[in-house]
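S.K.: give me coordinates for this.
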Amino acid sequence: MKSLRIAFITPFFPLKGGIARFSGLLRDALLHRGYDVVPVSFKALYPEFLSKGAFVSAHTADAVVPEACRLVLYNPFSWFGAIRSIRVLKPDILLAAYWTGLLAPFYYLVRRLTGIRIIVLLHNFSSHESFFIDSFMRRLLALFADGFVTLSHAVSEEVSAAMPEIPLLPLFHPLYEPEGETCTIPDARRALHLAEDSSVLLFFGYVRRYKGLDMLLHAMPDILKKNPALRLVIAGQFFQSPETYKELIRQLGIGGSVDLYPEYVSPERTALFFAAADAVVLPYRTATQSGVLQLAYGHGLPVIVTPAGALPEMVRQGETGFVARDCSSEGIAEAVGEFLESRSNLTEVRSAIALLCKDFSWDSFAAATGSFLEAEVSGR
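M.R.: This next block holds a predicted model:
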């Protein structure tokens, strides 16, 4: 029996970012299940002066963009070349990653000019930073989408309310396992100049306003009153100037307790930061789901999150982490305080995390997605 041919339109490595990593792992899982997955990758997403290099190719020795990869999101002339390539590939169905309304015009053209059904892998239904054209982009989304695969209950509910007539597969964000060699806690802390007996909180990933780093910094004085030796490590690429946050750290008088690494973090160095931490803090103002949360669980670390979007869905209060009472500095400080007071045995924490995540595998995600795509191709 001929395997289903899926053209997967999405960023892939060597582009940076969580969506590129997600796409590579999903492609591998679909291939493992016997599907014929053909990548249709982006060469670039946004002009570098806008993204500050956050989504350009990763600077690694093997980070070579394939010659056939010419699709540039901000260059409409490149869209037609990609559409011609899709026609040549003759896929049975298209799987299209979607996280911003800026993708809608391109996908609309793909659907109209190829006639091939599109299943939208919906990372976000609403853009993290709102644009005045969002409502128009949503109308376009409804015109080209033949089905949706979502990664959280929160997004599923949004889509069901807005587009109830379009088939929907509600799924989850699979677990990110550590990449590369793992590092011992003592070695990681020595490398980062952290005391072995200090409590260490980690804020990790791209720094954008909706991720609430400023709220976490404002919470630090209260946190330090309870635990003066605590250290906050911030590691990730900044969309805003790091100087804004450095000035805030100076104003709050917490410079001796905050370590700032304002740069893209390679997979190898990622393991170092997570090995050194006791918990990962996600003080988001808004959210759908978060790859950082799944990365923390992959490293066996508890999380401290705000009640934003789908974040609480993945936390068992007091076992795998803590959910703040609200999205505020005060709420974050209280949640960190709860974590510091309860400090569960590491074995118990890892057992609880493993129990929570055992059903959140890439294989089960690929199995469900593949079945959904097959049903759409066969006309249900």
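
S.K.: could you use CA atoms for every contact and neighbour count after this?
M.R.: Will do.

S.K.: right, and residue 134 touches residue 104 too?
M.R.: No - contact between residue 134 and residue 104 fails when scored by Cα atoms under 8 Å: they sit 9.9 Å apart.

S.K.: who has more neighbours, the two?
M.R.: Taking neighbours as other Cα atoms under 10 Å, residue 134 and residue 104 compare with residue 104 leading, 23 against 17.

S.K.: list phi and psi for that one.
M.R.: As for residue 104, its main-chain torsions (degrees, to the nearest 10) stand at phi -60, psi -50.

S.K.: got the contact list for it?
M.R.: Contacts for residue 104 were tallied using Cα atoms under 8 Å, 6 or more residues apart in numbering; they are 137-138, 140-141.

S.K.: hmm, try it at 10 Å
M.R.: Neighbour list for residue 104: 98, 110, 134, 136-145 [criterion: Cα atoms under 10 Å, 6 or more residues apart in numbering].

S.K.: with residue 334 instead?
M.R.: Counted by Cα under 10 Å, 6+ apart, residue 334 has contacts 219, 222-223, 322-326, 328, 340.

S.K.: what are the ranges of the strands in the protein?
M.R.: Applying DSSP state E to the chain gives strands spanning 5-10, 36-44, 71-72, 93-98, 118-122, 147-150, 168-170, 200-204, 231-235, 258-261, 279-282, 303-305, 321-323.

S.K.: out of the ones you listed, which one sits most buried?
M.R.: Mean neighbour count (mean count of other Cα atoms under 10 Å) peaks for strand 303-305 among the strands of the chain, with a mean of 28.

S.K.: can you show me the CA trace of stretch 309-326 as CSV?
M.R.: C-alpha atoms of stretch 309-326 as CSV (Å, rounded to 0.1, in the frame of the first residue of the first chain):
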residue,chain,number,x,y,z
GLY,A,309,-3.1,30.3,28.4
ALA,A,310,-2.4,26.6,28.5
LEU,A,311,0.5,26.7,30.9
PRO,A,312,-1.5,25.4,33.9
GLU,A,313,-2.7,22.4,31.9
MET,A,314,0.8,20.9,32.1
VAL,A,315,1.4,21.5,35.8
ARG,A,316,0.4,19.3,38.8
GLN,A,317,0.4,21.8,41.6
GLY,A,318,3.0,21.0,44.2
GLU,A,319,4.2,17.9,42.4
THR,A,320,5.7,18.9,39.0
GLY,A,321,5.6,22.6,39.7
PHE,A,322,3.6,25.6,41.0
VAL,A,323,1.0,27.9,39.3
ALA,A,324,1.0,31.5,40.5
ARG,A,325,-2.4,32.9,41.6
ASP,A,326,-2.2,35.6,38.8
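
S.K.: the closest residue to residue 323 other than its chain neighbours and residue 126: what is the separation?
M.R.: Nearest residue to residue 323 in three dimensions, chain neighbours excluded: residue 305, at 5.0 Å (Cα to Cα, 6 or more residues apart in numbering). For residue 305, the distance to residue 126 equals 20 Å [Cα to Cα, to the nearest Å].
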